[in-house]
Structure formats: structure tokens, C-alpha cells
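Visitor: The sequence and its predicted three-dimensional model are supplied below.
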Amino acid sequence: MKATIPSTLLLLATCLIAGAQDTEIHCADGSRIRGSLLGIGTDRIEFGADFLAAPVPLRLDQILDLTLPVHPAQAEGDHVATVTLSNGDVLRGQLNGVNEAEIRLKTWYAGEMVFNRKMVDTLEIEDRPEIYYTGPSGLDGWVQKDGEAWTYENGALRASSSGSIARDVKLPARSRIAFDLAWRSNPNLRILLYSDSVEADTPSNCYELSCQGRHVQFQKRWMKDDRGGTVSLGDYASVPEFQSKEKCRIELLVDRKTGVIRMLVNDRIVGRDWKDDSPELGTMGGGIHFKSLDSSPLALSRIEVTSWDGMLEGTPVPLDEGFMDEEEPPAPPPEAEPDPTRIRLRNNDRIAGEMVAIEDGKVKIKTTFGDVTLPVSRLRTFALRTKEARDPANWEMGLYEIPKRYNGDVRGWFPDGTCVTFRLTKVEGGKLTGTAQPFGTAVFDQKAFSRIEFNIHEPDFEKLRDTLGSFR
């Protein structure tokens, strides 16, 4: 395994992460070193730690990645635009402009970034949600009832014995709770939502999601005055990923007004939506609990709790048409080919027209019945090109391109799980300068990244990263 780092890579000054023992380096041999990043040269990293008499050089061609302190994103504007590049990178910001050649995104971490439209796969726009919690960044604010079953390490809450951990996140009436779950063997846990007491192991009021083996089920516990009880909200649903994988992204959408609850695993809708036919019963609170039910290791990371607009997209797979006996969930039904002449709005309406300009958060659309001006936040998505243009057999048309890969490329991960690939050329004053075909040169705020991967084009390193997963 050998990686070539360009000689133009400058020494990383101590001002990048000045003296703090809050960086962890993961090496190809499985070793981990926690301490202070002092510098990066052409072929090695200078690293210091409390247990070392002096800084030590670490060969860069044996480094998997380094993890950095997590800093919250600096939210701006009334919408979030998500740009997915043709190499799989994902970046978020405010949409500043779109034309035939480029897409302009205003970001807090790199200023305005201008993307080559040929290298942008999709562009989606969402209302900016209200953020109630993102993390974890430690155990502060979390309540444990069973000793110290849960610990914090490397951006994750980890359990190696039975026990619960809870937090009052002030869940709103409509909420989105998302997190990465990693496990060994099968996950065996319960997740409580809208708990009225984070101090209680069994709250009087809450929704409870039980995950055992490959099956999940929602129940509701409620108490009001002298009445109460436990009621099942529907049938069991199957999650084949719990047996075929050891990590997934879970997303829960809860509407306390209508009683609808939806679960997604890796963006796939799980079973039918659950339904609370009496959402007014009980005195729900704003807490969430994660309860490990055995000694099998679990890890929770990238937890996001936000408001939700209540809009449901996609169609759940009916249980009688499901995949109870399959190792993997079936591929979703093919979506209709997007019409490049039709722009989709947040309420799922579609307008036939052409995007003319974006200015001051407003988009002008040229239609057959005149120009229409809408807030960017009203948009949902629009086709960037036809399906034929994305077919590799037709790439000679020049309408779709995959970025070139270079020696010295690194992959920077944002705390929300999105990432960007670039060739690191300079590090100075807490800024990382890099170049990539999709956006040219960009200067990134180092605080934007929670992890930076090296040797990303080495197959052996990528296999090792996949194997280690969240239990490095």
C-alpha cells in the first residue's frame, strides 16, 4: 500500500489545532493515537501526545484518517440546497445561482462554491429545519440510569452492556430523529421518543420502538389522570439490514398531530407507516432514550433532531409484498424519468418552465404563461439532465462527467455525514486549501470537518475502513 503525496503540500502549522489533545489518528495497522496534530509534511504527520516525551513523525502512507473536534454548522438562510456530485460527494449550502454551465452554492465553510454542472448529479432543496440537537460531542446533557453502560468515543455513544441513556431534546410536535447505528451480530435495543421523563427507565408517556433481530415494532405508553395503558401501533416490520449489515442510517419521522410515524433505513421506507389513532391521549414530553438490551456492542453517531414539515414522500412497501425471507431488501421500483422542462416544488406541484435566474433568494422561472418568481425555499428539485446523458455509453456527448482522481486526494467528512474530495495543497491559519475538478480551488474552514481520510484511492485502505466501520 503506497500513497504519493504531492510535494506542494505545505507544513501544517500548529495553529490548525493548537496544542489540544482532541485529535485522534487511525493507522493502517489498527493502532490509534490521541493527541495534538502538529504538522503535515510531504510524507509524514508530526504528532504530539501527553504520553510522548517529544513529538513523533508518522508515515502518511500508513494513515487511514484523523478525527477532529466536532463544531456545529453555522446555519444561514431559509433553505438548504444539497448538491450531489457525480463521484458521490455531497455538499450543502444556500443556492445562489444556476445556469447551463454552473451551479453556485453559498456555504459557511468555503464561501461561494461554483460547481461545473456537468459534474453535478442531483440538486435538492429543503426548508431549513429548526435544529433541536446534533451530536454527540460528549456525555454532557445525557442521563444514564444503569451505571456506565454508555461511553463516548470518537464522535459516538457506545454501549457494551445493557443500559439506557436519555436526553431531553424538547421534541416538537412534528419531528425528524436521525442517527447512524452500528452493531455486532444483531442490534437489540429500544428507542423511546417523546418521553415525559428522561430520569425514568420506564416513562409513563412515550412512543417505544423495539428492535430485535430483524424486526421492529412501535408501541405507545400513555398515562392521563388515572387512566393509562400500552397499545401497539401496528404490525411488526422487517429490517433485513439488521442481519446483512453492521451499520445503517435510521430516520424516524413523527407527526404528533396526525399520529403518523414513518421509519426509514438507508433512505428505504420500512414497512407500512405506523399510526397512533389517538394521538391526544397521554402527556408526552420531549425526551429520547436509547436502551441497549444486552452486551452486544452498539454505537450511535451523527444524531440529528430537527423539526419536520409533515410531508411524506415515497410509498411504503406493504407487508404482504415485503421481503421477510430475503437477505437484502428489494430494489425500489424505478422512478419516472424526470422531465427537464418541469420544476418540482416543495408541495409536489410541478411547473413547466425554465429557470432563468436566482437572485436575493428568489428564483425566476420562464413559463408559457409568463415569468414566475418564487422563493428558492419553495423549490424541491429539478432535472439537471436527461437519463440518456447520464448513461456512460453516451458520455461522449459531454453532458455528464466523472471527476478525475489525483494522487494526494483526501476526503473531508462533515459532521452530518456528507463529504467532499479534494487535493490538499495548503494548510494555514485553520484553513485547508484544495482543488478538485467539480469546483476548482476552494478554501475550507477546518472546523467544518469531523474527519479527514488519507490514501483514499488505495483499495486496501478502503477495505480496511469498511471493515473497521464505527468500532475503530
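Guide: Looks like it arrived, so ask away.

Visitor: Sketch out the low-pLDDT regions of the chain for me.
Guide: 1-22, 39-42, 146, 317-342, 346-348, 355, 357, 382-399, 466-472 (pLDDT under 70).

Visitor: who's sitting farthest from the centroid in it?
Guide: Residue farthest from the centre of the chain, counting by Cα atoms, centre = their mean, is Asp226 at 42.2 Å.

Visitor: quick one: it and Ser197, what's the gap?
Guide: Going from Asp226 to Ser197 by Cβ to Cβ, to the nearest Å gives 18 Å. Every residue, glycine included, has its C-beta placed from N, CA and C.

Visitor: ok, now Phe422?
Guide: Going from Phe422 to Ser197 by Cβ to Cβ gives 47 Å.

Visitor: Kindly report the same for Arg227.
Guide: Separation of Arg227 from Ser197 (Cβ to Cβ): 18 Å.

Visitor: circling back to that earlier point, got phi/psi on the residue farthest from the centre of the chain?
Guide: Backbone torsions of Asp226, given as degrees, to the nearest 10, read phi -100, psi 10.

Visitor: and the gap between it and Asp168?
Guide: Distance from Asp226 to Asp168, counting by Cβ to Cβ: 26 Å.

Visitor: tell me which residues form a beta bridge with Ala166?
Guide: Beta-bridge pairing of Ala166 under DSSP bridges involves Val143, His289.

Visitor: ok, now which ones touch it?
Guide: 142-145, 192, 195, 198-199, 287-290 (Cβ atoms under 8 Å, 6 or more residues apart in numbering).

Visitor: repeat for Ser307
Guide: By Cβ under 8 Å, 6+ apart, the neighbours of Ser307 are 129-130, 132, 172, 174-176.

Visitor: if I look at the nearest residue to it once chain neighbours are set aside, how far off is Phe179?
Guide: Distances taken as Cβ to Cβ, 6 or more residues apart in numbering place Glu130 nearest to Ser307, at 4.2 Å, with adjacent residues excluded. Distance of Glu130 to Phe179, computed by Cβ to Cβ: 18 Å.

Visitor: Settle it for me: which of those two has more neighbours?
Guide: Phe179 (23 against 12; other Cβ atoms under 10 Å).

Visitor: My read is that Val270 contacts Ala237, right?
Guide: Yes. Using Cβ atoms under 8 Å, Val270 is in contact with Ala237, at 4.9 Å.

Visitor: shared neighbours, these two?
Guide: Shared contacts of Val270 and Ala237 (Cβ under 8 Å, 6+ apart): 216, 263.

Visitor: How far away from the center of its chain is the host helix or strand of His26?
Guide: Here His26, judged by DSSP states H and E, is contained in strand 23-27. Relative to its chain's centre, strand 23-27 lies at 21 Å (Cα atoms, centre = their mean, to the nearest Å).

Visitor: what's the angle from the helix or strand just after that strand to strand 23-27?
Guide: Of the helices and strands lying after strand 23-27 in sequence (DSSP H and E), the nearest is strand 32-40. Here strand 32-40 runs at an angle of 100 degrees relative to strand 23-27 (axes from the mean of the first three to the mean of the last three Cα atoms, to 10 degrees).
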